[in-house]
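Engineer: Quick one, what's the 3D model for this:
(one chain, ligands or ions: 1)
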Amino acid sequence: MTKIFETDLQGKHVVIVGGSSGMGKATAKLSVALGANVTIASRSADKLTAAAAEIGEVKTAPIDMTDEAAVKAWAAQLGTVDHLVISASSAAHGAFAELPTDDLRGMLAAKFIGPYVTAREVLPALEKGGSITFFSGVLSRRPSAGATGLGAVNAAVEALSKGLAQELAGRARVNCISPGMVATEAYDAMPPDARDAMYAVVAESLPVGRIGQADEIAQAVIMAMTNGFLTGAVLDIDGGHLVRG
Ligand SMILES: NC(=O)c1ccc[n+]([C@@H]2O[C@H](COP(=O)([O-])OP(=O)(O)OC[C@H]3O[C@@H](n4cnc5c(N)ncnc54)[C@H](OP(=O)(O)O)[C@@H]3O)[C@@H](O)[C@H]2O)c1
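Structural biologist: A predicted model of the protein is given here:
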């Protein structure tokens, strides 16, 4: 009998790396509302404190996913984990011939190697029947000029998710969320006028006529955590980005 999903997260330990901002924070809020015990992790202790004040009852862990030794030590003392969500990343934009190699390496470290190492180190703590949810993005299959490297890294995250779903068969389910453009703190560094203009252009190009909100992605992450028949999937929550003209 399929359970109603409100009951599925009650008392479960949900760990969200990237939970101090954007879609990770929205997932933390929804998980807490559904009765989960939530741990949010990210680099900045200040961001974690501010996010915790917004989210409510939540544990915080200042951790940099790109620091393997720190991730190992943190994962070893986490206790049991039911669901691991990794929304943390940093992106580097630039034309193919101009993107500095160090920026490419940094993005690979933050968006692919960091999540890989974090999932590997948390795995011993993951309860049988648990889940891992990674984040990619529409550029993996709908690349755009100036973001070729980011698209390739997103594709790597999707391949990691699918491979791991097979490798962990019977042990844990593994899925990947591929968001389209979603209004989050990720765009806070842009001048507001330029950001709003970018949002408007993308919104107009999408079948839904608008960009996404973080809680719409959080809803999909909850589904990935709780739907026992879902594994090896890439969920395109993108307002129709992949089918736009
Ligand atoms: N927003 C979009 O339009 C969009 C579109 C497509 C794909 N995506 C993908 O969706 C995911 C979530 O995006 P978002 O917009 O919600 O991001 P966001 O608001 O920028 O949040 C990113 C989070 O990751 C943390 N973080 C970054 N680097 C980290 C590291 N090395 N170790 C640990 N934590 C780290 C950040 O906190 P600290 O600074 O404290 O570390 C923050 O909590 C990302 O993978 C992003 O690439 C986003």
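Engineer: Return the residues of this protein in contact with the ligand.
Structural biologist: Within the chain, the residues that sit near the ligand (Cβ under 6 Å from any ligand atom) are 17-18, 20-24, 42-44, 47, 63-66, 87-91, 110, 114, 135, 137, 179, 181-182, 184-186. All C-beta spots, glycine's among them, are computed from the backbone N, C-alpha and C.
Engineer: Which among those residues count as buried?
Structural biologist: Among the residues of the chain next to the ligand, those classed as buried by 16 or more other Cβ atoms under 10 Å are 17-18, 20-24, 42-43, 47, 63-66, 87-89, 91, 110, 114, 135, 137, 179, 181-182, 184, 186.
Engineer: Now, those residues that are in strands?
Structural biologist: 17, 42, 135, 179, 182 (DSSP state E).
Engineer: does the first one really touch Ser89, like I thought?
Structural biologist: To tie it back to what came earlier, the one meant is Val17. No - counting by Cβ atoms under 8 Å, Val17 stays clear of Ser89, with 9.8 Å between them.
Engineer: tell me, what's touching those two both at once?
Structural biologist: Common neighbours of Val17 and Ser89, counting by Cβ atoms under 8 Å, 6 or more residues apart in numbering, are Pro115.
Engineer: if we can go back for a sec, go through the residues of the chain next to the ligand and flag which are in helices.
Structural biologist: Here DSSP state H is the test, and the residues of the chain next to the ligand give 22-24, 47, 114 as lying in helices.
Engineer: mind putting those in a markdown table, distance to Asp8 and pLDDT included?
Structural biologist: Below are those laid out as a markdown table (distance: Cβ to Cβ, whole Å; pLDDT from 0 to 100):
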| residue | distance to Asp8 | pLDDT |
| --- | --- | --- |
| Gly22 | 24 | 98 |
| Met23 | 20 | 98 |
| Gly24 | 19 | 98 |
| Lys47 | 28 | 98 |
| Gly114 | 28 | 98 |
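Engineer: Closest to the ligand out of these?
Structural biologist: Ranked by distance to the ligand (Cβ to the nearest ligand atom), those are led by Gly22 at 2.2 Å.
Engineer: Excluding covalently adjacent residues, which one is nearest to the closest one?
Structural biologist: In space, and not counting its chain neighbours, Gly22 is closest to Thr184: 3.2 Å by Cβ to Cβ, 6 or more residues apart in numbering.
Engineer: Might you report the residue contacts of Leu206?
Structural biologist: Residues in contact with Leu206, defined by Cβ under 8 Å, 6+ apart, are 180, 238-241, 244.
Engineer: Kindly report the same for Met225.
Structural biologist: 8-9, 14, 31, 82-83, 85, 131, 133.
Engineer: Who are the contact partners of the spatially most central residue of the chain?
Structural biologist: In the chain, the C-alpha nearest the mean C-alpha coordinate belongs to Ser87, at 2.1 Å (Cα atoms, centre = their mean). Contacts for Ser87 were tallied using Cβ under 8 Å, 6+ apart; they are 16-19, 22-24, 27, 135, 177.
Engineer: Now do the buried residues in whichever helix in the chain runs longest.
Structural biologist: Longest helix in the chain, counting residues (DSSP H): helix 148-167. For helix 148-167, a neighbour-count test (16+ other Cβ under 10 Å) marks 148-158, 160-162, 164-165 as buried.
Engineer: Under the pLDDT cut-off, which ranges of the protein? List them.
Structural biologist: 1-7 (pLDDT under 70).
Engineer: For it, which segments count as strands?
Structural biologist: Under the criterion DSSP E, the chain contains strands at 13-17, 37-42, 59-62, 81-86, 126-135, 172-179, 182-183, 212-213, 234-237.
Engineer: Distance to Lys72 added to those, as TSV?
Structural biologist: Listed next are these as TSV, based on distance: least, Cβ to Cβ, whole Å:
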stretch	distance to Lys72
strand 13-17	14
strand 37-42	14
strand 59-62	13
strand 81-86	15
strand 126-135	15
strand 172-179	19
strand 182-183	31
strand 212-213	34
strand 234-237	28
